[in-house]
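Trainee: from the sequence below, what's the structure:
(chains A and B)
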Amino acid sequence: MAITRVEVTPKQGTGMRDVRGDVVRRQLMADHGIDVSEVRSITGFLIKSSVPSSDISERVNDLFSDPIIEDAVTDTLFLTSPLHFPIAPDAAITVGFKPGVTDNPGSAAYDGFRTIFTQDESLEDASISTYQTYIFYGLPSEVTAEWLATTLHNNLIQRAEIADGEACAQAQWPAIDYPEKPPQTRTPPQAMNLEIPDEELIALSESGLLALNLEEMQTIQRHYRDAEIQASRAAVGIVGNAPTDVELECLAQTWSEHCKHKIFASKIHHVDTETGEDSVIDSIFKTHIMKPTHDMQKEVDWLLSVFHDNSGVIAWDENWSVCMKAETHNSPSALDPYGGAMTGIVGVNRDILGTGLGARPIANTDVFCFGPPNWEGELPDNLFHPSRVLRGVHAGVRVGGNESGIPTVNGAIVFDDRYIGKPLVYCGTVGIMPRVLPDGRESHIKTPTSGDIVYMVGGRVGYDGIHGATFSSLELTEESPSSAVQIGDPITQKKMLDMVLEARDAGLITCITDNGAGGLSSSIGEMAEYTNGCEIDLAKVPLKQPGLSAWEILVSESQERMTIAVKSSDCAAFESMAKLHEVEATAVATFTSSGMFHVKYDTDTVAYLPIEFLHDGVPQLQLESEWRTPQQAIFNPENIVLGDDAGHSPVLLDMLARPNIASKESWVRQYDHEVIAQTAVKPFVGVERDGPGDAGVIAPLHGDPHGLVISCGIAPRYSDLDAGAMAAASIDEAVRNAVCAGIDVDKMAGLDNFCWPDSIESVKTPDGRFKLAQLVRANRELERVCRAYRLPCVSGKDSMKNDYGSGENKISIPPTLLYSVFGDQPDVRFTATSDFKGAGERVYLVGISKEELGASELSFMMKENGRAEGIGGQVPLLPHPEQNIKTYRALSTAIHAGLIQTAHDCSEGGVAVAAAEMCIGGRIGAELDIDGTGESSVWSRLWGESLGRFIVGVQPEHEADFIEWMAGHPLTFLGTVTASQELIISDGYEPLIKLKIPAMVDAWQNTLDMTGGVA
Amino acid sequence: MSAPRVAVLFGFGINCDHETAAVFNLVGGNSERIHLNHFVQGNRVLDDFDILAVPGGFSFGDHLGSGRLMGNRMRFALREQLHAFVAAGKPIIGICNGFQVLVKTGLLPGPNTSNPLPDFVQRASLTLNDSGRYEDRWVTLEFDPDSPCIWTKGIQRIDCPVRHGEGKFVMPSSTDFDALSANHQLAVRYVDPSTPVGQGVTDDPLPFPISPNGSMRNVAGVCDSTGLVFGLMPHPEAVYAKWLHPHHTRGSAPGPLSSDVLGEWEGEGLQMFRNAIEYVMSKR
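Mentor: Coordinates of the predicted model:
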């Protein structure tokens, strides 16, 4: 087959512009302050096919270029055309993919190629690879082409060809060639001798990226010493006394921390050096998460499915149920921010599709934790600058969510130096399904039976994504493998999603789950528990390229795949539906009741593992935990010198500009938050649609105002003082945000997503006991608060190895809990938003401001600015959550009753920041007095982050009713919204803050606007 | 009289099919989401329907240009059916990605009035926003009251969200625009919301974000010369109810004071779909 090159470049002329080039130019300015006068772009296609170049050339305008806006050339480089590029540039850089990396534009081009050259049978083997060339004019002399290239590509997945000024002057243009994959040969399964000394067992685990500890390796060793096991293995013709590589890999995936949550399941010996407590916790998960939820499940009728499925399901009304799941994709996002984040979002979408008999994803949430985008300190080897991680992760989630047609309705971005070591990328998805399918089955219950045929549906299996699960169970190193990184393909997934939901409604699906971590090994393995057995034929699995070995096929995490079981009588209908949707569906396995996970390659048995051993064989970890309160220098604001008149004003401007508080609008606006036509409260609210939204509200049934609220809470700063307080604050913040939008507090559910540094004591982690104690405290607070709020945790996930490097250079993230809440909103026409609605509105504080400035955003800012010693002191606590929830219920029902339309959660930056945001949203001033809001200092009442607080606005005509409604709850009058453009906050007669609204808007909006404008 | 039948296309990355189908049903249509391949393979025929809608989305990931690959599938496989549909006087709407598809197939803006039926020649394009960014933001639109477009009759000015990265409407020369303008085919434009209603339209480029994409002559949508085929980048279906307008929580979402469908809560976007349903009914 020949390779034809086609290049396309935007036409030059009045009103036309080269936007791709322009984006590069603006980003160089925004991120690096480099002023380039012009950047132009060329998109290239390398077409490997039997179609002659002359035929392709004739049809170029039908496919590769748009004749209205673009010019194209075939079999030559555009840079050689003096007509298009008359002046030699200062640099030209071409970026293409490495062999085997997902090339979505290339796949789309191939599809279009088939539409045009449809008759040609030989096109089956054709393929198209794409590349981009950037051409720089007016490049400052100190900027080298080599450095420019590093900003334009990630050498883990891409390659670059570079022509510097000299090469350009001599017309030596970059000409990238087709990324041909080297041929691979399949290695037949091998027996793995485990009759070796302990140290060799460990070495085997490490060298093979198995992430199994000695006890786990020994458990596997013992399994193969069992005479009965050996005999049963001999009967199917597989090596008797040793695992095959297929089996060892399969066990490593299934038993990985990522899949089995071994730390949450461990037996923990917990010591508290301060209280003298010495106790044993048999599984944090069962004790503090599962048990409370199961207790609540006995008391309500709407908890349909918790913990065991891909997401937790609650009944929403008579006819519909909703479900939600959140995942993290931290390690892949560190290596390739774009691809890692994209697979994060499309991956969690599949969790929803794989819930029950298939739910439809209807809303996404994204929460990111990054290093500061303006970081000027050193960067460890192999780590990207935080601004690049931010751009890449944002782009990946944007493309993944937008192209899938799922609105992003809620999220957050949090910054801390330690996330340089490992960014956290939380992606959540809400789904909806009819409670009963047309055939009468309840949708949240899977119904597989022995004999059902198991299909792999969607994408094919390749080398990408081998060892993702085990890799994420290890710390990041300079040698982390590129095969653990994949790029998502949202359109392949969207086609699959459309098809699967049609198949569900046609009653064709008996069981479904997604292929994520651990690939087919996990997906079929987990589903096989229902019928107690399966038989897989790996030779039937369609591959991206030939040559994969059996174990690679079994554990590859190649994206966009679901595993679906179908009754044999329905196979024909299922396959024809797949064909219509142009979705690949291949029968690869059969459910059995043999008790065995039986894997064949063609006729050879390559793995033969008892289901029970596979799923329950992993030995329980025994871990040590020891708590001592971290010593932090006290934050004492009384020493901070302020100006005389309204001296807190400059502090407010500084606080509004803090990345943790500043507007994220320029980023969030790039997410589609309104597709499906259901979003009733959007991420931005107010007069200019740029004030902060507290929670997302959707009305997913068209024509019906019945709603759902989706919110989140995250407070990692507090972990520096007490991870327990951090957990309580996260939950409380999520609930408060939801209350602002009018959630029914008696019908809401939560998700706990823990991201922790390694907390197993070892040479690498000498402080493992303390980090584990942080986890213990966080979970104890989680149970206490959730029980008081009657807030069941219906799904969750943990990511337990968020560290970079070792020794002195080790970076561990602050222990971080993302708590997400979703629940009922009776009528979206009665909700509240943070923007002040108009002059005369009466402003109240709900809750009490206590002396709680420890680990506040203010303390971190003052410490960073050298105006305070430390961040220590009293961290915000939640001593009486059972009282809080009563207040929340009163507030939420006041919203339903139409008494208030303005409510804002009071968190980072306290009353001052919340009030400022409400003024910004309403583009209107207010005159507030914080006297009487608590027995605490001025600093605490203004900037403190005490939990349980809201600022609300009440129209004067509803004021009396509102006060009566809130009787018995902490409520303090703050002041009035004024027709001025000024926020004035005082403490009695002492003026604290006096600022014009436009100044606050500028401070709040400029920090994170890295778009470089529109020019 | 039976309800007009509406075919709402989906597949290959179209993703506004559910809500597009729903809004037609709200105003008395009988809509059905149908995979494009049903028409391509002949399981279903376009002729059985009264209205065709190509919803928004990301068909084929917008690779090789938004709407291009979907447009090609339709241009090559449904050419006769589409021609016959328009010839039979049946309305077609393309929203966002659907508009891009209709432009790339050549259905919009289509040939001149002397021979108004589709010739599948591309005359315009929708290209990357000047900002270089995909954005979801609300814009204000004003409609040409003299347009032959059956979809926009009686609509003056509405607020709508745009959600696109490639919404800049371009044509090769200003004479192309002059011809469309003379025919009143530049049916809907971005306008500055602070202008008096009815006086917002201008040919001079409006600044970002009033014009979210830098469209030539601020064009948000165009119709063909028959007035049957209409496409626009903004999403009228996404404001079928006032509770979807960002200002509903401020009590200031614009729209009709009362409606047979949603009472006082009908949004400004619904009328466009009602227009098409009523047009079909009027021709019976």
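Trainee: quick one, longest helix in chain A?
Mentor: Using DSSP state H to define each element, chain A has its longest helix at helix A:768-789.
Trainee: helices and strands of chain A: which one has the lowest mean pLDDT?
Mentor: Lowest on mean pLDDT, DSSP states H and E among the helices and strands of chain A sits helix A:468-471, with a mean of 58.
Trainee: follow-up on the earlier one: report the angle between the helix or strand following the longest helix of chain A and helix A:768-789.
Mentor: Following helix A:768-789 in sequence order, the next helix or strand is strand A:793-799 (DSSP states H and E). Strand A:793-799 and helix A:768-789 are oriented at 160 degrees to each other (axes from the mean of the first three to the mean of the last three C-alpha atoms, to 10 degrees).
Trainee: tally of neighbours for residue A:285?
Mentor: When neighbours are defined as other C-beta atoms under 10 Å in any protein chain shown, residue A:285 has 19 of them. (Glycine included, C-beta is placed from N, CA and C.)
Trainee: check contacts around it.
Mentor: Contacts of residue A:285 were listed using C-beta atoms under 8 Å, 6 or more residues apart in numbering or on different chains, and they are A:261, A:264, A:265.
Trainee: for those residues, which one is nearest residue A:465?
Mentor: residue A:261 (20.5 Å; C-beta to C-beta).
Trainee: so what's the closest one closest to, chain neighbours aside?
Mentor: Setting aside the residues directly before and after it, residue A:261 is nearest to residue A:798 in space (C-beta to C-beta, 6 or more residues apart in numbering or on different chains), at 5.7 Å.
Trainee: unless I'm mixing things up, the one you found is touching residue A:754, no?
Mentor: Yes: contact status for residue A:798 versus residue A:754: in contact at 4.2 Å, counting by C-beta atoms under 8 Å.
Trainee: which one's more surrounded, the two?
Mentor: With neighbours defined as other C-beta under 10 Å, residue A:798 and residue A:754 compare such that residue A:754 has more, 27 against 20.
Trainee: for chain B, what's its nearest residue on chain A.
Mentor: Closest approach between chain A and chain B, counting by C-beta to the nearest C-beta: residue A:405, at 2.3 Å.
Trainee: ok, now how distant is the spatially most central residue of chain B from chain A?
Mentor: Per C-alpha atoms, centre = their mean, the C-alpha nearest to the average position across chain B is that of residue B:231, at 2.9 Å. As for residue B:231, its distance to chain A is 15 Å (criterion: C-beta to the nearest C-beta, to the nearest Å).
Trainee: got the confidence number for residue A:482?
Mentor: The pLDDT attached to residue A:482 in the predicted structure is 52.
Trainee: hmm, back to that, part of a strand, is the residue nearest to the centre of chain B?
Mentor: Yes: under DSSP: H, G, I helix; E, B strand; the rest coil, residue B:231 sits within a strand.
Trainee: give me the mean pLDDT for stretch B:9-23.
Mentor: 97.
Trainee: quick one: name the residues of the stretch 101-250 of chain B near chain A.
Mentor: Applying C-beta under 8 Å from any C-beta of the partner chain, we find that the stretch 101-250 of chain B lies next to chain A at B:104, B:122-125, B:127-138, B:161, B:163, B:170-172, B:208, B:216, B:235, B:237-241, B:243-244, B:246, B:248-250.
Trainee: which residues touch the closest residue to residue A:949 other than its chain neighbours?
Mentor: Nearest-residue entry for residue A:949: residue A:847, 3.3 Å, with adjacent residues in sequence omitted and distances by C-beta to C-beta, 6+ apart. With contacts defined as C-beta under 8 Å, 6+ apart, residue A:847 is in contact with A:887, A:906, A:946, A:947, A:948, A:949, A:950, A:970.
Trainee: the last one touches residue A:848, doesn't it?
Mentor: Yes: with contacts defined as C-beta under 8 Å, residue A:970 counts as touching residue A:848 at a distance of 5.0 Å.
Trainee: which element is residue 133 on?
Mentor: Picked chain A for this. Taking DSSP H and E as the criterion, residue A:133 maps to strand A:127-137.
Trainee: can you look at chain B instead?
Mentor: Short version, using DSSP H and E: residue B:133 is in no helix or strand.
Trainee: one more: residue A:324?
Mentor: When elements are defined using DSSP H and E, residue A:324 is found to belong to strand A:320-328.
Trainee: can you list residues touching both of residue A:798 and residue A:754?
Mentor: residue A:264.
Trainee: so what's residue 92 up against?
Mentor: Since you didn't name a chain, this refers to chain A. Applying C-beta under 8 Å, 6+ apart to residue A:92 gives the contacts A:79, A:133, A:134, A:135, A:136, A:162, A:163, A:167, A:168, A:173, A:174.
Trainee: wait, chain B was what I had in mind.
Mentor: Shown here is residue B:92, whose contacts under the criterion C-beta under 8 Å, 6+ apart are B:51, B:52, B:53, B:54, B:82, B:85, B:86, B:102, B:107, B:228, B:229, B:230.
Trainee: let's see it at 6 Å
Mentor: With C-beta atoms under 6 Å, 6 or more residues apart in numbering or on different chains as the criterion, the residues that contact residue B:92 are B:52, B:229.
Trainee: equivalent analysis for the one 4 residues further on, please.
Mentor: Residues counted as contacts of residue B:96 (C-beta under 6 Å, 6+ apart) are B:56, B:164, B:233.
Trainee: closest one to residue A:417 out of those residues, please.
Mentor: Using C-beta to C-beta as the measure, the one of the contacts of residue B:96 that approaches residue A:417 most closely is residue B:164, at 37.0 Å.
Trainee: how deep is the closest one tucked in, by neighbour count?
Mentor: With other C-beta under 10 Å as criterion, residue B:164 counts 28.
Trainee: do the same with residue A:227
Mentor: 9.
Trainee: now the one 10 residues further on
Mentor: A count of neighbours around residue A:237, defined by other C-beta under 10 Å, yields 11.
Trainee: show me the contacts for it.
Mentor: When contacts are counted by C-beta under 6 Å, 6+ apart, residue A:237 is found next to residue A:605.
Trainee: 10 Å - rerun?
Mentor: If a contact means C-beta atoms under 10 Å, 6 or more residues apart in numbering or on different chains, then residue A:237 has A:603, A:604, A:605, A:608 as its contacts.
Trainee: give me the helices and strands touching the helix or strand hosting residue B:281, please.
Mentor: Secondary structure assigned from DSSP H and E places residue B:281 in helix B:270-282. Applying 3 or more C-beta pairs under 10 Å, 6 or more residues apart in numbering or on different chains; DSSP states H and E, one finds that helix B:270-282 contacts strand B:5-10, helix B:17-26, strand B:30-35, strand B:51-54, strand B:92-95, strand B:157-164, strand B:229-232.
Trainee: and residue A:904, that's in a strand?
Mentor: Yes: secondary structure of residue A:904, determined by three-state DSSP: located in a strand.
Trainee: how close does it get to residue A:413?
Mentor: Using C-beta to C-beta, to the nearest Å, we find residue A:904 at a distance of 19 Å from residue A:413.
Trainee: ok, those two, which is more surrounded?
Mentor: residue A:904 (29 against 21).
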